[in-house]
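Asks: I would like the atomic coordinates for the input below:
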Amino acid sequence: MTINTSKTQHSLTREQKEAVGLLSIGTFLEYFDLMLYIHMAILMNDLFFPQTDPFTSSLFLAFAFWSTYLLRPFGAIIFGYIGDKIGRKTTVVITTLMMSIACIVMVLVKTYEEIGITASIIVTLCRMIQGMSCVGEVSGAELYLTEMIKPPLQYPAVTAVTVLSVLGATTALGVASYVTSSDEANWRIAFMIGACIAIVGFFARTTLKETPDFVDAKRKMKLFLSANNNNLEDSKIYQNIMNKKVNVKTTISYFLIRCAWPACFYFVFIHCANLYKTTFGFTANQVIHQNFLVSMCELLMAIFLLLLSRIVYPLKILKTILCIYSIFILASPYLFSIITSPSHLFYIQLFSGVFALGIIPGSAILYKHFPIFKRFTYTSMLYALSRIFMYGITSFGLIYLVKFFGNYGFLILMLPIIIGYGLGLSHFQHLEIKAGNYPKN
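Replies: As a prediction, this is how the structure comes out:
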């Protein structure tokens, strides 16, 4: 199978290998810090939020989770502007520093029992800062490699960033499992480790160079301005490039595709975790251990997709995963009705986690259909909006849907998401066919 692109690349240069390594490791560190609290939420919420009845506790859990994504649109505006005006490198350096500061505060903050509601406020603000920095981190790293490497190596290289983010989340789960299982271990040690590795990541990323595509585009702009005596109105080429409109259908399609992962993630790691606790009486450590096993399988799946993207066109992979997950969703009411043991719930959780609807290994393809000087702003903003929108709906909506509709609650939530995801993929497939990039065989 061949991929028709104007430029192809079959081996990485030394500089590209260093960029993949630094960005992947940095993303690992970033996601370790971000996911540490989320996976320890079943323990941390008892320390930083008031204790109440199980239903209200579920709402506290939902709010603590959702708060991580509340400021992401604001972060997208800031880092989108920096990324499109100053450069991709600057964003990934700043976001890593922000993450490390938030982790340091988490190490020092006192519990609810010690300082009351102030503890809840401080922790929530830290989660917001971490969520805001993450939007620039993810988009910055993936865009950096998209613009630095050409297909077909572009697909596994960009996917490597996601693989390391999954590894970061899995490592966070491993640390959380150890901290909650050992009487001698202190949960603050986990955040201290997160702060240290984030600082290391900050200094490592300062050695990166700017992406060739962005540098080349900026150089052309300077030449255009010089040729027209810095008169922007006389430079039609400058105006065409800088003010190039983003296709509305592309924008909506990207948003719809991005909306799928948050719902899948919340169900796997938050909703199922709560079911283990409320239905089967699992302890915090037992829940974290179950999530750790699922995360390990997710990591193996991400590695498999990375390798598969070298020989199979990414959009075809995403379409196949969509078909598999759709069958699972349609069967979900029956599957939930036959759960009689923790192992049954684990199988459902595992399948939903492994075949969750995301954008890997096709993220590079989606990015390329946005204009280069609006690419960072648009993709990071849409990413942020999809998270705050879907995590808000999922966090609170799933609680009430399951309460009022029972086993059909999850199906009601996921059907529109699956349809939107499929429509989004179809649009990008059409764009790739039109551009001559979609393989015929």
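Asks: can you give me the helices in the stretch 51-200 of the chain?
Replies: Along the stretch 51-200 of the chain, counting by DSSP state H, counting those that start in this stretch, helices occupy 54-66, 72-85, 88-108, 112-115, 117-148, 154-181, 187-205.
Asks: Now do the shortest one, average pLDDT.
Replies: Averaged over helix 112-115, pLDDT sits at 82.
Asks: And the pLDDT for the residue lying closest to S326 once chain neighbours are set aside?
Replies: Closest residue to S326 apart from its sequence neighbours, by Cβ to Cβ, 6 or more residues apart in numbering: I418 at 5.5 Å. No exception for glycine: its C-beta is placed from N, CA and C like everyone else's. Looking at I418, its pLDDT reads 96.
Asks: Secondary structure element holding I418?
Replies: I418 belongs to helix 409-435 when elements are defined using DSSP states H and E.
Asks: So for that helix, what gets flagged as buried?
Replies: By 16 or more other Cβ atoms under 10 Å, the buried positions in helix 409-435 come out as 409-411, 413-414, 417-418, 420-422, 424-425, 427-429, 431-432.
Asks: Please name the residues that touch the residue positioned nearest the centre of the chain.
Replies: Among the residues of the chain, the one closest to the centroid is V138, at 6.7 Å (Cα atoms, centre = their mean). By Cβ atoms under 8 Å, 6 or more residues apart in numbering, the contact list for V138 reads T27, V161, S165, Y383.
Asks: what's the burial count for the third one?
Replies: The local packing count at S165 equals 27, with neighbours defined by other Cβ atoms under 10 Å.
Asks: And for the last one?
Replies: For Y383, the count of nearby residues is 24 (other Cβ under 10 Å).
Asks: didn't it look like it was pressed against I257?
Replies: No. If you go by Cβ atoms under 8 Å, Y383 and I257 don't touch, sitting 10.3 Å apart.
Asks: quick one: pLDDT of R88?
Replies: 69.
Asks: Report the contact partners of S177.
Replies: N285, I288, H289, F292.
Asks: tell me the SS of L208?
Replies: Under DSSP: H, G, I helix; E, B strand; the rest coil, L208 falls in the coil class.
Asks: Run through the chain and note the low-pLDDT ranges.
Replies: Where the chain drops to pLDDT under 70, the residues are 1-7, 39-43, 51-71, 88, 135-137, 180-186, 205, 210-243, 441.
Asks: Against A273, how distant is Y408?
Replies: 21 Å (Cβ to Cβ, to the nearest Å).
Asks: Tell me which of those two has more neighbours.
Replies: A273 (24 against 15).
Asks: Hmm, the more buried one is touching N285, no?
Replies: No. The criterion here is Cβ under 8 Å, and A273 misses it with N285 at 11.8 Å.
Asks: Was I right to think S253 contacts L423?
Replies: Yes. Assessed by Cβ under 8 Å, S253 is found in contact with L423 at 6.9 Å.
Asks: Check which residues of stretch 100-115 are buried.
Replies: S100, I101, A102, C103, I104, M106, V107, V109, Y112.
Asks: What about the closest residue to the fourth one other than its chain neighbours, how many residues nearby?
Replies: By that I understand C103. Nearest residue to C103, sequence neighbours excluded (Cβ to Cβ, 6+ apart): A195, at 3.7 Å. A195 has 20 neighbours, counted by other Cβ under 10 Å.
Asks: so what's A195 up against?
Replies: D33, S100, C103, I104, M106, V107.
Asks: make it 7 Å
Replies: Taking Cβ atoms under 7 Å, 6 or more residues apart in numbering, we find A195 in contact with S100, C103, I104, V107.
Asks: circling back: which secondary structure elements does the helix holding I418 sit against?
Replies: helix 248-258, helix 260-266, helix 314-337, helix 363-367, helix 375-405 (3 or more Cβ pairs under 7 Å, 6 or more residues apart in numbering; DSSP states H and E).
Asks: what's the closest of those to T91?
Replies: Across these, the minimum distance to T91, taken as Cβ to Cβ, is reached by helix 375-405, at 7.4 Å.
Asks: Quick one: work out the angle between the closest one and helix 409-435.
Replies: 150 degrees (axes from the mean of the first three to the mean of the last three Cα atoms, to 10 degrees).
Asks: That concludes my questions; thank you for your assistance.
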